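Q: model this:
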Amino acid sequence: MPNFKNIFAFFCAGFAALACASCAQNSKPTLETAKISDAQKTSYTLFEERLGKLVKETEILAQEVAQKKTTPLEARLRLNELADTWAEFAAEHPDSLETQILYGKFLRSARYDEAAYKVFLRADKIDPNIAVIKQQLSTYETEQKQFLKAYAHIKEAAKLEPQTAAYQAQLGEFLAAYGGELLKQNALSAAQKDAEMLDAFKAASQIEKGNPDFLARYAQACTEAVTPDLEKAEELWQKAEAAAPLGIEKDEMRLALARVQIMKSDFFKARETLAKIRTPEFFRAKEKLENKILEIEKLNSQSPKK
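A: Okay, the predicted model is just below:
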């Protein structure tokens, strides 16, 4: 049975925007849609109307499910009808990347993952230079533990759209999570894995300057590498703290910053950082780090001096 919460989350994340960009005659093309074929232009108005209707019907269903305005049985029946309509429409427009990408995303959102993967493979044959297709292929291949294929596809997506932070971040996350699998298969050395991971997170943080989440992930990666760069990590956590809009987010960054400062044995700075934390939810973690500092200082004082 399809996961209807996933359907709603997917469409809220941008299905409608992608569909409108694909269909609107007067809209400015995106990096993705600018490359997409216009094979259906001879009947463009009808094509636009039918695709727009499909998108709208799917959005309505997603919203009604999220708002509990339909029963699971009714939603499942309507979803099955939509799936049949999408399949018919995609079959009528086999060379339209707009159609194939949106159809693949529909299937993916409804958790027909294997069917979606096959659609994206066909779309990739139509045009092998579309980053979003590579990204979708990589996501499925990762889930299926096809790590070499997944790595190749997400790396291609990041290369095709180097100024899209999401692709850079996904490449970094893939290497952080599954880089060890690539090492086992001799696809990369440990040094190469770390270098590519750090470059990807760095690129994401530079594309969206001031984004605290990308800065934080880059900072975390600096400590995850085989050879940690604690100086860089400290610098990035400080920038992430400054960029965080809310006090609770700033305190979360301060905890991470204090951990790095403790790793550097800079206990004075760590205490200063911890003293700034005001969010009650973090008081226990703050106390643990303060106790850790005391324990390390006690051990250091008991160690024989050379």
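Q: how near is E64 to A83?
A: Going from E64 to A83 by C-beta to C-beta, to the nearest Å gives 17 Å. Quick note: C-beta positions are derived from backbone N, CA and C, even for glycine.
Q: before we move on, what about L299?
A: According to C-beta to C-beta, L299 stands 63 Å off from A83.
Q: and stretch 226-233, average pLDDT?
A: Mean per-residue pLDDT for stretch 226-233: 96.
Q: now P228, what's its secondary structure?
A: Recorded secondary structure, P228: coil (DSSP: H, G, I helix; E, B strand; the rest coil).
Q: what sits against it?
A: Neighbouring residues of P228 by C-beta atoms under 8 Å, 6 or more residues apart in numbering: 222, 263.
Q: pull out the buried positions in the helix or strand that contains F120.
A: According to DSSP states H and E, F120 maps onto helix 113-126. Within helix 113-126, the residues that count as buried by 16 or more other C-beta atoms under 10 Å are 115-117, 119-120, 122-124, 126.
Q: pull out the buried residues from the helix or strand encompassing E48.
A: Applying DSSP H and E as the criterion places E48 in helix 44-66. Across helix 44-66, burial judged by 16+ other C-beta under 10 Å covers 47-48, 50-52, 54-55, 58-59, 61-62, 64-66.
Q: cool, stretch 268-275 as well?
A: Neighbour-count burial for stretch 268-275 flags 270, 273-274 (criterion: 16+ other C-beta under 10 Å).
Q: dump the residue contacts of the nearest residue to A187 once chain neighbours are set aside.
A: Excluding its sequence neighbours, the residue lying closest to A187 (C-beta to C-beta, 6 or more residues apart in numbering) is L148, at 5.9 Å. Each residue near L148 by C-beta under 8 Å, 6+ apart is listed here: 182, 185, 187.
Q: from K276, how far off is the residue nearest to V226 when sequence neighbours are not counted?
A: Nearest residue to V226, sequence neighbours excluded (C-beta to C-beta, 6+ apart): A190, at 5.3 Å. According to C-beta to C-beta, A190 and K276 sit 36 Å apart.
Q: ok, N80 next?
A: Separation of N80 from K276 (C-beta to C-beta): 55 Å.
Q: and K305, what's its pLDDT?
A: With respect to pLDDT, K305 has a value of 63.
Q: over to P72?
A: pLDDT, P72: 87.
Q: near it, how many other residues are there?
A: As a burial measure, P72 scores 11 neighbours (other C-beta atoms under 10 Å).
Q: same question, G172
A: 27.
Q: residues in contact with it?
A: Neighbour list for G172: 197-198, 200-201, 204, 217, 221 [criterion: C-beta under 8 Å, 6+ apart].
Q: now do the helices in the stretch 151-300 of the chain.
A: Secondary structure of the stretch 151-300 of the chain by DSSP state H, counting those that start in this stretch: the helices cover 165-184, 190-207, 212-224, 230-243, 247-263, 267-275, 283-302.
Q: L299 and A83: who's more crowded?
A: Just comparing L299 and A83: by other C-beta under 10 Å the higher neighbour count belongs to A83, 18 against 9.
Q: residue contacts, the more buried one?
A: Here A83 is in contact with 106-107, 110, 112 (C-beta under 8 Å, 6+ apart).
Q: work out for me the element it sits within.
A: Assigned by DSSP H and E, A83 belongs to helix 72-92.
Q: give the buried residues for that helix.
A: Buried residues in helix 72-92, defined by neighbour count with 16+ other C-beta under 10 Å: 75, 78-79, 82-83, 85-86, 89-90.
Q: just for this protein, where's the confidence low?
A: For the chain, applying pLDDT under 70 flags the ranges 1-44, 305-306.
Q: show me it divided up by domain.
A: The chain breaks down into these domains under automatic domain parsing: 1-128, 215-306.
Q: now the ones you listed in TSV, with distance to P162?
A: Below are the domains of the chain laid out as TSV (distance: least, C-beta to C-beta, whole Å):
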stretch	distance to P162
domain 1-128	10
domain 215-306	16
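Q: quick one: which of these is nearest E173?
A: Of all the domains of the chain, it is domain 215-306 that lies closest to E173, at 7.9 Å by C-beta to C-beta.
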